[in-house]
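Colleague: Pasting a predicted model and its sequence here:
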Amino acid sequence: MAEEKNISYKCPACGSPLTFDPGGKLKCGACGNEFDVDAVKRFSDAENSSRNFDWGDYKKEFQKGSEKLENTRVYVCKSCGAAIETDGTTAATHCPYCDNEVIISEQLSGSIKPNAVIPFSVDKNAAIDAVKNHFKGKKLLPNDFGATHKLGRITGVYVPFWLFDSGIDGNMNLNTTDVRHYSDSKYNYTETKHYLVTLDGSMRFSRIPVDGSEKMDNDLMDALEPFDYSGLTEFNPAYLSGFLADRFDEDPDESLPRASARMNTSATEVFCGCASEFDSVSVKSSNLSLVDPSVKYVLLPVYLLNLSYKNKNYRFAVNGQTGKVVGELPISKIKSFLHFSAFFAVAGAIAGVIAHFILR
């Protein structure tokens with residue numbers, strides 16, 4: 001006897017279970033939305049298929065042990081375990097993630113060969129200058145943070161990224177309002193009209209980046225954007241000379257939800273923009289699915305810098321193509337106290353002047 005499978009569908013709007021209504025619709029008991037049976041099935045099928053899409057030769061190479069890159073060596077950090085590719089001439093270096101020294105390992109299998117790379121166009125000195133300029137004008141930054149001798153530990157790393165291409169197709173229901181104000185001889189009136197706007201559409205996204213390294217802070221990498229992808233060129237190990245290259249440890253299946261979320265956010269903005277003539281717009285329900293997603297593996301240039309200050313590590317990143325700097329900065333408690341004390345003193349003085357004129 002064939003094994004019986006239980007099939008259940010979830011609400012595309014809120015994720016709660018759907019139940020069949022005798023009226024012929026699938027209804028959500030949580031948010032009250034109703035959906036056509038065929039539409040929900042298409043949405044469910046598309047969602048399930050996109051979770052494990054075919055990412056081509058990468059999956060085969062990844063599963064069988066990876067293609068070996070010629071003329072590279074692998075360094076392993078004893079502290080955090082990071083495995084880092086570099087050119088064959090490098091004798092010693094330090095880990096860009098935890099700042100500890102790394103040693104050369106026995107010959108390991110190389111990474112999967114990337115489709116393309118954006119070479120570094122910002123040199124190390126320019127990156128250090130960019131970080132120094134990033135510190136300038138920060139009134140609450142401690143005076144002794146970022147001393148010059150600490151900035152020499154900046155390291156250029158090619159970070160693994162997955163670039164996703166995909167279409168998005170579906171529909172969205174929007175709650176909208178039109179508000180009108182008017183008056184007569186006795187009263188002021190506010191008239192609010194409510195509308196349900198249903199939109200169908202599709203759009204195509206290209207080169208949505210998601211970093212493929214667990215060690216990298218996702219928010220830090222997202223903040224480094226944008227990269228100019230017209231600078232992508234065919235990968236050659238020679239580009240590693242003088243730099244390091246991280247090896248991806250998150251495959252596209254794991255990274256797809258982040259890319260999908262970014263595409264859905266952008267699509268939602270476009271859909272809501274189509275109803276911009278209304279005074280207010282909010283999403284009631286959304287039924288969007290990915291169509292024919294594909295991916296490419298690239299290396300993008302990033303400088304990493306770790307600064308230890310009062311027993312806390314502060315990590316900074318510099319876009320190796322544009323020079324953009326991102327990272328968290330410490331706040332001087334003394335400067336913060338003086339700054340806000342001065343603010344409240346000024347605010348108190350203004351309040352005193354206002355009170356003086358009111359009481360006169």
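Modeller: That came through fine.
Colleague: Stretch 222-232 spans what distance, first to last residue?
Modeller: For stretch 222-232, the first-to-last residue distance is 18 Å (Cα to Cα, to the nearest Å).
Colleague: is it true that Ala130 touches Val122?
Modeller: Yes. With contact defined as Cβ atoms under 8 Å, Ala130 reaches Val122; the gap is 7.4 Å. Backbone N, C-alpha and C define where each C-beta goes, glycine included.
Colleague: shared neighbours, those two?
Modeller: Residues touching both Ala130 and Val122 (Cβ atoms under 8 Å, 6 or more residues apart in numbering) are Val318, Gly323.
Colleague: roughly how far apart are Val302 and Leu329?
Modeller: Here the criterion is Cβ to Cβ, to the nearest Å. By it, Val302 lies 19 Å from Leu329.
Colleague: One more: Glu191?
Modeller: Counting by Cβ to Cβ, the gap from Glu191 to Leu329 is 50 Å.
Colleague: And for Arg247?
Modeller: On the measure of Cβ to Cβ, Arg247 and Leu329 end up 30 Å apart.
Colleague: Give me the more crowded residue out of Val302 and Leu329.
Modeller: Legend: neighbour count by other Cβ atoms under 10 Å for Val302 and Leu329, higher for Val302 (27 against 16).
Colleague: Tell me if that one really is in a strand.
Modeller: Yes. Looking at Val302 with DSSP: H, G, I helix; E, B strand; the rest coil, it is inside a strand.
Colleague: So Met203, which state does it fall into?
Modeller: Taking three-state DSSP as the rule, one finds Met203 in the strand state.
Colleague: Could you pull up phi and psi at the residue nearest to it when sequence neighbours are not counted?
Modeller: The shortest distance from Met203 to any non-neighbouring residue, by Cβ to Cβ, 6 or more residues apart in numbering, is to Ile168 (5.5 Å). Dihedral pair for Ile168: phi -130, psi 130, per degrees, to the nearest 10.
Colleague: Just list the residues touching Ile168, thanks.
Modeller: Applying Cβ under 8 Å, 6+ apart, we find Ile168 in contact with Ser202, Met203, Arg204, Phe205, Met263, Asn264, Ala267, Leu288, Ser289, Leu290, Val291.
Colleague: now those as JSON lines including distance to Pro226 and pLDDT?
Modeller: Below are those laid out as JSON lines (distance: Cβ to Cβ, whole Å; pLDDT from 0 to 100):
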{"residue": "Ser202", "distance to Pro226": "24", "pLDDT": "92"}
{"residue": "Met203", "distance to Pro226": "19", "pLDDT": "93"}
{"residue": "Arg204", "distance to Pro226": "18", "pLDDT": "95"}
{"residue": "Phe205", "distance to Pro226": "14", "pLDDT": "94"}
{"residue": "Met263", "distance to Pro226": "16", "pLDDT": "93"}
{"residue": "Asn264", "distance to Pro226": "19", "pLDDT": "91"}
{"residue": "Ala267", "distance to Pro226": "19", "pLDDT": "93"}
{"residue": "Leu288", "distance to Pro226": "24", "pLDDT": "88"}
{"residue": "Ser289", "distance to Pro226": "26", "pLDDT": "88"}
{"residue": "Leu290", "distance to Pro226": "22", "pLDDT": "88"}
{"residue": "Val291", "distance to Pro226": "24", "pLDDT": "88"}
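Colleague: could you dump these to CSV with neighbour count and distance to Leu18?
Modeller: Shown next, in CSV, are the contacts of Ile168 (neighbours: other Cβ atoms under 10 Å; distance: Cβ to Cβ, whole Å):
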residue, neighbour count, distance to Leu18
Ser202, 12, 24
Met203, 15, 26
Arg204, 12, 29
Phe205, 18, 28
Met263, 21, 24
Asn264, 16, 20
Ala267, 20, 22
Leu288, 23, 17
Ser289, 20, 16
Leu290, 23, 21
Val291, 15, 23
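Colleague: any idea where the helices of the stretch 101-250 of the chain begin and end?
Modeller: 124-135, 218-223 (DSSP state H, counting those that start in this stretch).
Colleague: May I see the ones you listed organised as a markdown table, with mean pLDDT added?
Modeller: Putting the helices of the stretch 101-250 of the chain into a markdown table (pLDDT from 0 to 100) gives the following:
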| stretch | mean pLDDT |
| --- | --- |
| helix 124-135 | 89 |
| helix 218-223 | 90 |
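Colleague: Ok, which of the ones you listed comes nearest Phe164?
Modeller: Comparing these by their distance to Phe164 (Cβ to Cβ), the top pick is helix 218-223, with 14.0 Å.
Colleague: tell me which residues in that closest one are buried?
Modeller: Leu220, Met221 (16 or more other Cβ atoms under 10 Å).
Colleague: which residues touch that helix?
Modeller: With Cβ under 8 Å, 6+ apart, helix 218-223 has contacts from Val159, Asp211, Arg258, Val302, Arg315, Ala317, Val326, Gly327.
Colleague: mind redoing it with 10 Å?
Modeller: With contact meaning Cβ atoms under 10 Å, 6 or more residues apart in numbering, helix 218-223 is reached by 159, 161, 209-213, 217, 255, 258, 262, 300, 302, 304, 315-317, 319, 324-328.
Colleague: Got a quick ChimeraX command for the buried subset of those residues?
Modeller: Entered in ChimeraX, the line below selects the buried ones among the contacts of helix 218-223, by 16+ other Cβ under 10 Å:
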select :159,161,209,210,211,212,213,255,258,262,300,302,304,315,316,317,319,324,325,326,327
